[in-house]
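Peer 1: here are the coordinates; sequence isn't available:
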DNA sequence: CTGGATCCCTCACGATACTG
DNA sequence: CAGTATCGTGAGGGATCCAG
């Protein structure tokens, strides 16, 4: 038996032996957003050493969670994508993220926000019930990070990048967490300047209702 | 910032910084079954070094997931129990366990099954829908491990120990996984000797339907 | 006996440099 | 761009010891 095994015949233990390794679930998080190349992953995970990224990708591939695919010519480059089995981690990753979000207060001095982490965060706090019958689009800007959400009758699509004709554009920072957690009302968030809008400003409370912890 | 942090302002990362440490979720798994003393945890986790158990309990306590409670006199002993926040990990632990169970084939040479891991496994694969209107009790024996299940109209209680008047007593081993996963039919499991029964044998297929991956 | 603390050793991880 | 190679450090593993 491997030296680092937990020594139990148990589903949870098997799961941890794979995705319990350091960085593994964060890599999965980013791959849940979209397939990525090695350097894409690096960019989204600036603090991961390349040898660790390399090792994790190998392990995840061997475990049948990630598939390494060589793109056809002429690019010939490599992308890593989740297998079907890997994709089944989505719900777990979303729930873990929601659980951990309660511990988010202020970003630490060196802590960054990435597009992928924000996309998954929005997915994790989306409330389909509250979005019944809604048909709205948002663009969300956190510093350099720009993502957009398309809400369509209880369904959500989130992706990176701008959305030129979004109904509401929200410019903000990490303080958006307070809005989403209900610690600050939409009105107050506008008043204290942590959120700036363009478009139909009245949609902000709709937004805060649709995306809520 | 701590040296071992991931450096991202993200709910998933916060979660991993606490329960992503080695052994942490396994400790939580056992505490989800019941509050435990230090030595109870050791017994259920034979391969964990005591200093690690000690360190994890401190970290989990500091993070507000575990509460260290000193029992009143005369025992004066200490129990560790999950806080409300810690208990909210239950669903995640159950799902992770179910996800990882697909990788369970045969137990490795040194791999053991513990009562707590089995209790959580049964919880994780319980299908409330299939148990609608049912009222059955089972006793399950895997070698030394004895647990029992009380199914009551879509609700389940699992606990350690025998249940003298159980409707069905199932004596088996790790091969029970094949039955639960549907890789072996109840009839075959009896035929090939991996399962031995006492009580109302016809209940076995009911069992396999109620507890199923 | 419970509930740890302490020691030493090893290896996984982290930082950085380098290569096809 | 997509990794491999190298090397130092500290968390984890294992055994032992100690206080209440």
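Peer 2: Noted; the coordinates are in hand. Computed from a prediction, not measured in an experiment: that's the story for all the values here.

Peer 1: where do the strands sit along chain A?
Peer 2: If DSSP state E is used as the criterion, the strands of chain A fall at A:66-70, A:78-82, A:135-142, A:145-152, A:155-160, A:168-172, A:195-199.

Peer 1: what sits against residue A:211?
Peer 2: Contacts for residue A:211 (Cβ atoms under 8 Å, 6 or more residues apart in numbering or on different chains) come out as A:122, A:125, A:126, A:127, A:149, A:180. Quick note: C-beta positions are derived from backbone N, CA and C, even for glycine.

Peer 1: could you rerun that using 6 Å?
Peer 2: Neighbouring residues of residue A:211 by Cβ atoms under 6 Å, 6 or more residues apart in numbering or on different chains: A:125, A:126, A:180.

Peer 1: now it. Nearest residue, chain neighbours left out?
Peer 2: residue A:125 (5.1 Å; Cβ to Cβ, 6 or more residues apart in numbering or on different chains).

Peer 1: DNA strand C contacts on chain A?
Peer 2: Chain A has residues A:3, A:4, A:21, A:22, A:23, A:47, A:48, A:49, A:50, A:51, A:52, A:55 near DNA strand C, with proximity defined as Cβ under 7 Å from any atom of the strand.

Peer 1: buried members of the residues you listed into ChimeraX, please.
Peer 2: With 16 or more other Cβ atoms under 10 Å in any protein chain shown as the burial test, the buried ones among the residues of chain A next to DNA strand C are selected in ChimeraX as follows:
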select /A:21,23,48,52
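
Peer 1: and the contacts of residue A:211, which is closest to residue A:15?
Peer 2: residue A:125 (24.0 Å; Cβ to Cβ).

Peer 1: ok, that closest one touching residue A:213?
Peer 2: Yes - under the criterion of Cβ atoms under 6 Å, residue A:125 makes contact with residue A:213 at 5.5 Å.

Peer 1: what about the helices in chain A?
Peer 2: Residue ranges of the helices in chain A, as given by DSSP state H, are A:11-19, A:24-33, A:38-44, A:50-62, A:84-87, A:90-101, A:115-125, A:176-180, A:186-191, A:203-210.

Peer 1: and the shortest one, average pLDDT?
Peer 2: In other words, helix A:84-87. Mean pLDDT, computed over helix A:84-87, is 98.

Peer 1: returning to what we had before: residue A:125 and residue A:213: which is more packed in?
Peer 2: When residue A:125 is set against residue A:213 and neighbours are counted by other Cβ atoms under 10 Å in any protein chain shown, the residue ahead is residue A:125, at 19 against 16.

Peer 1: that one and DNA strand C: what is the separation?
Peer 2: Computed with Cβ to the nearest atom of the strand, to the nearest Å, the distance linking residue A:125 and DNA strand C is 27 Å.

Peer 1: what residues does chain A put near chain B?
Peer 2: On the criterion Cβ under 6 Å from any Cβ of the partner chain, chain B has as its neighbours in chain A the residues A:1, A:7-12, A:14-15, A:29, A:47, A:92, A:95-97, A:99-101, A:103-104, A:107-108, A:110-113, A:117, A:174.

Peer 1: got a list of what the most centrally placed residue in chain A touches?
Peer 2: In chain A, the C-alpha nearest the mean C-alpha coordinate belongs to residue A:120, at 2.2 Å (Cα atoms, centre = their mean). Each residue near residue A:120 by Cβ under 6 Å, 6+ apart is listed here: residue A:29.

Peer 1: next up, phi/psi of the residue in chain A positioned nearest to DNA strand C, please.
Peer 2: Residue of chain A nearest DNA strand C, by Cβ to the nearest atom of the strand: residue A:49 (3.6 Å). Here the main-chain torsion angles of residue A:49 (degrees, to the nearest 10) amount to phi -70, psi 150.

Peer 1: quick check: bridge partners of residue A:155?
Peer 2: Note on residue A:155: beta-bridge partners residue A:152, judged by DSSP bridges.

Peer 1: what's the span of stretch A:100-115, first residue to last?
Peer 2: Across its full length, stretch A:100-115 reaches 18 Å end to end, with Cα to Cα, to the nearest Å as the criterion.

Peer 1: check which residues of that stretch are buried.
Peer 2: With burial defined by 16+ other Cβ under 10 Å, the residues of stretch A:100-115 counted as buried are A:100, A:101, A:104, A:107, A:111, A:112, A:113, A:114, A:115.

Peer 1: re earlier: and the residue nearest to the centre of chain A, how far is that from residue B:92?
Peer 2: Using Cβ to Cβ, to the nearest Å, one obtains 15 Å as the distance from residue A:120 to residue B:92.

Peer 1: one more: residue A:195?
Peer 2: 31 Å.

Peer 1: which of the two has more residues huddled nearby?
Peer 2: Comparing residue A:195 with residue B:92 by other Cβ under 10 Å, the one with more neighbours is residue A:195, at 23 against 20.

Peer 1: where's that one relative to residue A:204, distance?
Peer 2: As for residue A:195, its distance to residue A:204 is 7 Å (criterion: Cβ to Cβ).

Peer 1: next: residue A:9.
Peer 2: Computed as Cβ to Cβ, the residue A:9 to residue A:204 distance reads 51 Å.

Peer 1: for residue A:101, same thing?
Peer 2: Distance of residue A:101 to residue A:204, computed by Cβ to Cβ: 20 Å.
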